[in-house]
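[1] Everything below, folded, please.
(one chain, ligands or ions: 1)
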Amino acid sequence: MPGTTSMMVAKTVSGLEQILKSELDGIGALNAEVMNRAVSFEGDKACMYRANYLCRTALRILLPVHVFEINSQEDLYREIKEFCWEDHLDADSTLAVDAVISYTVFTNSQFVAQKTKDAIVDRFREKTGKRPSVDLENPTLRINVHLFKNTCTLSLDSSGQSLHKRGYRKQTGIAPINEVLAAGLIRLSGWDMKKPLLDPMCGSGTILIEAAMLASGIPSGNFRSEYGFTKWKDFDEALWERVKKEAVEKISFPDDLRIVGFDKSVMILRKAVENVDFTGLDRLVFMKQAAFEDSIPPSAEGVIITNPPYDERIQLEDSVAFYKMIGNVLKRKYNGYKAWVISSDLEAIKFIGLKPSKKFKVFNGPLECRFLGFDLYEGKKQNKFTD
Ligand SMILES: C[S@@+](CC[C@H](N)C(=O)[O-])C[C@H]1O[C@@H](n2cnc3c(N)ncnc32)[C@H](O)[C@@H]1O
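    From the prediction side, this is the model:
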């Protein structure tokens, strides 16, 4: 596709589609349209490389190569076997297949992935006597098969490993937030990249690092070395180097910005420090061991974005009391701040006891979450404490 424009699909987390669309518009993608957990767009090869390297809220960039109708399970095998896979794969390469299905004659996505793999492998075996082997972790080519009703779309996955794997998180706590979701929450919050930003339950530091990368214009792919497309037959290394150079030249560290993290656990905070040090963003990100209830606001005003325990992977003794504590601390100490809290504990989060001025529904993996924004401006109209 050098120079030619192709239709592509960028996948994302439910709730971040609009943000991803604006990111794609920003890198020069054409005709971006919001879908369910995805955005379709058009662009050339440089655009595909940019989408992978720069779109903070994209999980994968798929390049559809074949769309066909199926009326039976046999149709799938036959159509896939007839497709000219030699354009994309050699007999001595490796492959992996991801399948996503809905409302189709198939009921099991694993089975669809298996059938797809069989059809490709059988084609090579019949033509060359050799067959590509399967490598689920690090294949030469990752293929995505999407079945919706009777329509099957075969795509090449230009990202390879999911783009949330940024390459900077060397250490994690028990329940790290997905990097793509963290980046999306920062954008949803409307943070202006100037006011101080605080995550008072920062865990391994994902929100802090994503915020610092955003504010400095560090590409989301800056710390990652591999993408699916770098192993493709048509990989254009010179173009890829140009795309990266263009983006890296725009990095600029803001002078006065402070991004602060607290966590009550010293052990977890050490992991955040290690991650931040790895990125070199310690010039913007400052961390301190503190329980939120004992914390001292690092500035008179600012934006809080935090991902407290949900009582899922991190168990809480009394989740209602915990979320009440969050509300009380916000009210008592954080006047002048705008606070954003994400949680899947939809009952307990109400006990923050403040009326949210903004609300978003997002998913953290399979968990349906609310991302609530609270205005904590003392004496102003926005101050809507309920107790
Ligand atoms: C869900 S994790 C945050 C994960 C983080 N966003 C990341 O990406 O790693 C919640 C964090 O809150 C911390 N925590 C729990 N209670 C706290 C409190 N009262 N004050 C400060 N931190 C607390 C835990 O130690 C844990 O690291």
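
[2] For the protein, which residue gets nearest to the ligand?
    residue 203 (2.6 Å; C-beta to the nearest ligand atom). C-beta here means a position set from N, CA and C on the backbone, and glycine is covered the same way.

[3] my guess is that residue meets residue 177, correct?
    Yes - checked against C-beta atoms under 8 Å, the pair residue 203 and residue 177 is within contact range at 7.5 Å.

[4] For the longest helix anywhere in the chain, enumerate the helices and strands it packs against.
    Secondary structure of the chain read by DSSP state H shows that its longest helix is helix 109-128. With contacts taken as 3 or more C-beta pairs under 8 Å, 6 or more residues apart in numbering; DSSP states H and E, helix 109-128 sits against helix 73-82, strand 94-102, strand 141-148.

[5] Which among the ones you listed is found nearest to residue 372?
    strand 94-102 (30.2 Å; C-beta to C-beta).

[6] can you state the direction angle for that closest one and helix 109-128?
    140 degrees (axes from the mean of the first three to the mean of the last three C-alpha atoms, to 10 degrees).

[7] what's the angle between strand 94-102 and helix 73-82?
    Using the same axes, to 10 degrees: strand 94-102 against helix 73-82 is 150 degrees.

[8] what's the distance between the helix or strand hosting residue 240 and the middle of its chain?
    Residue 240 belongs to helix 237-248 when assigned by DSSP states H and E. What separates the centre of helix 237-248 from the centre of its chain is 22 Å, taken as C-alpha atoms, centre = their mean, to the nearest Å.

[9] Using PDB, write out every CA atom in that helix.
    What follows is helix 237-248 as a C-alpha-only set of coordinates in PDB (Å, rounded to 0.1, in the frame of the first residue of the first chain):
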ATOM      1  CA  GLU A 237      12.000   1.000   7.200                       C
ATOM      2  CA  ALA A 238      13.000   4.400   5.800                       C
ATOM      3  CA  LEU A 239       9.400   5.600   6.100                       C
ATOM      4  CA  TRP A 240       9.100   4.200   9.600                       C
ATOM      5  CA  GLU A 241      12.300   6.000  10.700                       C
ATOM      6  CA  ARG A 242      10.900   9.200   9.200                       C
ATOM      7  CA  VAL A 243       7.600   8.900  11.000                       C
ATOM      8  CA  LYS A 244       9.400   8.400  14.300                       C
ATOM      9  CA  LYS A 245      11.800  11.200  13.700                       C
ATOM     10  CA  GLU A 246       9.000  13.700  12.900                       C
ATOM     11  CA  ALA A 247       7.200  12.800  16.100                       C
ATOM     12  CA  VAL A 248      10.300  12.700  18.400                       C
END
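
[10] ok, and does the next helix or strand after that helix reach over to the ligand?
    Moving toward the C-terminus from helix 237-248, the next helix or strand (DSSP H and E) is strand 259-263. Yes - using C-beta under 6 Å from any ligand atom, strand 259-263 reaches the ligand at 262-263.

[11] For the helix or strand that comes right after strand 259-263, which helices and strands make contact with it?
    Of the helices and strands lying after strand 259-263 in sequence (DSSP H and E), the nearest is helix 266-279. Packed against helix 266-279 by the contact rule (3+ C-beta pairs under 8 Å, 6+ apart) you find helix 206-216, strand 259-263, strand 285-289.

[12] Packing partners of the second one?
    Which is strand 259-263. strand 197-199, helix 206-216, helix 266-279, strand 285-289.

[13] And those: which comes nearest residue 37?
    Going by C-beta to C-beta, the one of the helices and strands packed on strand 259-263 nearest residue 37 is helix 206-216, 19.6 Å.

[14] do the closest one and the ligand meet?
    Yes - contact between helix 206-216 and the ligand, assessed by C-beta under 6 Å from any ligand atom, occurs at 206-207.

[15] What's the mean pLDDT across that helix?
    The average pLDDT for helix 206-216 rounds to 98.

[16] where do the contact lists of residue 203 and residue 177 overlap?
    Shared contacts of residue 203 and residue 177 (C-beta atoms under 8 Å, 6 or more residues apart in numbering): residue 307.

[17] what does the helix holding residue 240 rub up against?
    2, 45-46, 49-50, 53-54, 217, 219, 222, 229-230.

[18] Would you mind naming what in the protein lies close to the ligand?
    So the chain meets the ligand at 172-173, 175-177, 200-201, 203-204, 206-207, 262-265, 268, 291-293, 307-309, 314 (C-beta under 6 Å from any ligand atom).
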